[in-house]
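1. sequence first, then the predicted structure:
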There are 2 protein chains.
Amino acid sequence: MSLHDLPAVHQECGDCPIRHRAVCARCESDELARLEQIKYYRSYQSGQTIIWSGDRMDFVASVVTGIATLTQTMEDGRRQMVGLLLPSDFVGRPGRNSAAYDVTATTDVVMCCFRKRPFEEMMSQTPHIAHRLLEMTLDELDAAREWMLLLGRKTAREKIASLVAIIARRDASLSLRRSKGEMVVDLPLTREEMADYLGLTLETVSRQISALKRDGVISLEGKRHVTIPDFDRLLEEAGDDTDGGLLI
Amino acid sequence: MSLHDLPAVHQECGDCPIRHRAVCARCESDELARLEQIKYYRSYQSGQTIIWSGDRMDFVASVVTGIATLTQTMEDGRRQMVGLLLPSDFVGRPGRNSAAYDVTATTDVVMCCFRKRPFEEMMSQTPHIAHRLLEMTLDELDAAREWMLLLGRKTAREKIASLVAIIARRDASLSLRRSKGEMVVDLPLTREEMADYLGLTLETVSRQISALKRDGVISLEGKRHVTIPDFDRLLEEAGDDTDGGLLI
DNA sequence: TTCAACGATTGATCTGTATCAAGGCTGCCA
DNA sequence: TGGCAGCCTTGATACAGATCAATCGTTGAA
């Protein structure tokens, strides 16, 4: 699912995740050459809006470094995050040319972009890419559905515990650390962003984090750095039975 | 997006949605022939569980008639619906062999199934199918994200209005009726199922339906048959700015 | 050094929805 | 014809989380 799941056949292209995700595993060199021709990089500063909902999108992209969010906003300003983009995640949608969500950089972000038209042409010629993209989209759909359970049925405390668990798992899978004892996470989001993720207010987020800290489920250094003494305990607090494959 | 968006090149296969969705538009006859060989039909009675979460899945399928739901359940019994399957919707996931959710028939259901192995082989040989499947999955992802906004940020009243609007729109697109004045919908769900869809209790669902009726936003005959005198008014109640393309 | 801006925490209070409970309607079977 | 089972509605009450408000710590600019 993540970037590191695929064997990096082409070491020399280590800078560009989409190669791994979409091509490398079974690639042929001319595919790589073609991808090479249509790609370019863009970087964004923390807080900057990368794409506005409704914008024309003439590219698709892959996050190289940094973290970005997908959010939806109602007319009166209520906001709901609907996606969290970590390195190697894909942005944009072949076959649609305006963006459906705001994409915002929450840290400095580097994206690897592909002009859409040539990318689509490539996709129709090379089955690997379409295939890989389908797999990634299905993973995201599963994650969205897990998220729906969280939004619809979990308590505030469970939501916070789930968020910490999700981030811890993604971190662990990205860095290939899989130590089973104590885990350490840096929350990449402000309290307000967490609230938008979880369908809560930032005050409730703050209160529940304090409560989990008080009860020894997590401990904090500063506002962002979290230590999880017992991951299974955290999962219990999250109301999560599925230890197995968590997605996104 | 829906079954009827694609030109039905092969009239003679009108009984099997997946042909339209995955193949027909630009199909070649040998693809059809191969699909023909690996498909079979199954029917289920209202209320019957089609697939249990965790089950081995050795097929993928397409809903021919009837309505089914995808739900997730927590250990203590809290339930959240995460998908609503109408005719022509796709079930199952190439590349994964156990089900992630319960699939339940809420009416009598007929499914058109394809054994997974041969379907996957076909997919790797014929780009159309993978392509079409990607499109469908992206549509579902968009719908899931719309749903996340609903679950995380909308009030009970807005949730009900949204649900009625969503069903009305899907109905309209399925039957190609696009009358702009009065609309008529039959709710395919019980109050409890609506509650599971919306992250509410069945009591709250009932109360809010009564309130919308009292305020003239909708009117009811019996418990299921809804008339919408003014669709724009309903959308306003739903907190929906996006009249445009609603998905699923 | 002061001040402003920002993020976070904590308290007091309010409110929307859950929960608990009772009863109504409809269709089906004995 | 009665009675039971599902489904739905409505009322009373409880409570989780929202809202409003005050304060604190940190950072960075004047």
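-> Noted; the coordinates are in hand. Numbers count the residues shown, from 1 in each chain, chains lettered A, B, ... in the order given.
2. which residues of chain A fall in strands?
-> In chain A, the strands defined using DSSP state E lie at A:39-44, A:49-51, A:59-65, A:68-73, A:79-85, A:90-91, A:102-105, A:109-115, A:183-186, A:219-221, A:225-228.
3. columns distance to DNA strand C and mean neighbour count on top of these, output as TSV?
-> Using the backbone N, CA and C atoms, a C-beta is placed for each residue, glycine as well. Listed next are these as TSV, based on distance: least, C-beta to the nearest atom of the strand, whole Å; neighbours: other C-beta atoms under 10 Å in any protein chain shown:
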stretch	distance to DNA strand C	mean neighbour count
strand A:39-44	16	14
strand A:49-51	14	19
strand A:59-65	21	21
strand A:68-73	14	21
strand A:79-85	14	23
strand A:90-91	23	20
strand A:102-105	12	22
strand A:109-115	17	20
strand A:183-186	12	16
strand A:219-221	7	12
strand A:225-228	11	17
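4. can I get those in TSV with distance to residue B:231 and mean pLDDT?
-> Output for those, formatted as TSV (distance: least, C-beta to C-beta, whole Å; pLDDT from 0 to 100):
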stretch	distance to residue B:231	mean pLDDT
strand A:39-44	39	90
strand A:49-51	30	95
strand A:59-65	34	90
strand A:68-73	22	96
strand A:79-85	24	97
strand A:90-91	33	91
strand A:102-105	27	96
strand A:109-115	39	90
strand A:183-186	46	93
strand A:219-221	49	95
strand A:225-228	47	96
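5. dump these to JSON lines, plus distance to residue A:158.
-> Listed next are the strands of chain A as JSON lines, based on distance: least, C-beta to C-beta, whole Å:
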{"stretch": "strand A:39-44", "distance to residue A:158": "33"}
{"stretch": "strand A:49-51", "distance to residue A:158": "31"}
{"stretch": "strand A:59-65", "distance to residue A:158": "28"}
{"stretch": "strand A:68-73", "distance to residue A:158": "21"}
{"stretch": "strand A:79-85", "distance to residue A:158": "17"}
{"stretch": "strand A:90-91", "distance to residue A:158": "29"}
{"stretch": "strand A:102-105", "distance to residue A:158": "26"}
{"stretch": "strand A:109-115", "distance to residue A:158": "30"}
{"stretch": "strand A:183-186", "distance to residue A:158": "17"}
{"stretch": "strand A:219-221", "distance to residue A:158": "19"}
{"stretch": "strand A:225-228", "distance to residue A:158": "15"}
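6. gap between the residue nearest to the spatial centre of chain A and residue A:112?
-> Nearest to the mean C-alpha position of chain A, by C-alpha atoms, centre = their mean, lies residue A:85 at 3.0 Å. Counting by C-beta to C-beta, to the nearest Å, the gap from residue A:85 to residue A:112 is 13 Å.
7. intersection of neighbour lists for the two?
-> Listed as contacting both residue A:85 and residue A:112 by C-beta atoms under 8 Å, 6 or more residues apart in numbering or on different chains are residue A:63.
8. pull the contacting residues for the residue nearest to residue A:101 when sequence neighbours are not counted.
-> Excluding the flanking residues, the one nearest residue A:101 by C-beta to C-beta, 6 or more residues apart in numbering or on different chains is residue A:70, at 4.5 Å. For residue A:70, the contact set (C-beta under 8 Å, 6+ apart) comprises A:81, A:82, A:83, A:84, A:85, A:101, A:102, A:103, B:145.
9. show me what contacts the residue nearest to the last one when sequence neighbours are not counted?
-> With C-beta to C-beta, 6+ apart as the criterion, residue B:145 has its nearest non-adjacent residue at 4.0 Å, and that residue is residue A:82. Each residue near residue A:82 by C-beta under 8 Å, 6+ apart is listed here: A:70, A:71, A:72, A:101, A:144, B:145, B:148, B:149.
10. and if we set it to 10 Å?
-> Contact analysis of residue A:82 by C-beta atoms under 10 Å, 6 or more residues apart in numbering or on different chains lists A:69-72, A:100-102, A:144, A:147, A:196-197, B:141-142, B:144-149, B:152.
11. what's the burial count for residue A:95?
-> By other C-beta atoms under 10 Å in any protein chain shown, the residues close to residue A:95 number 12.
12. apologies, that question was intended for residue A:188.
-> The local packing of residue A:188 (other C-beta under 10 Å) involves 18 other residues.
13. how close does the closest residue to it other than its chain neighbours get to residue A:111?
-> Closest residue in space to residue A:188, ignoring its immediate chain neighbours: residue A:67 at 4.7 Å, by C-beta to C-beta, 6+ apart. Between residue A:67 and residue A:111 the distance is 12 Å, computed by C-beta to C-beta.
14. list residues touching both of the two?
-> Common neighbours of residue A:67 and residue A:111 (C-beta under 10 Å, 6+ apart) are A:85, A:105.
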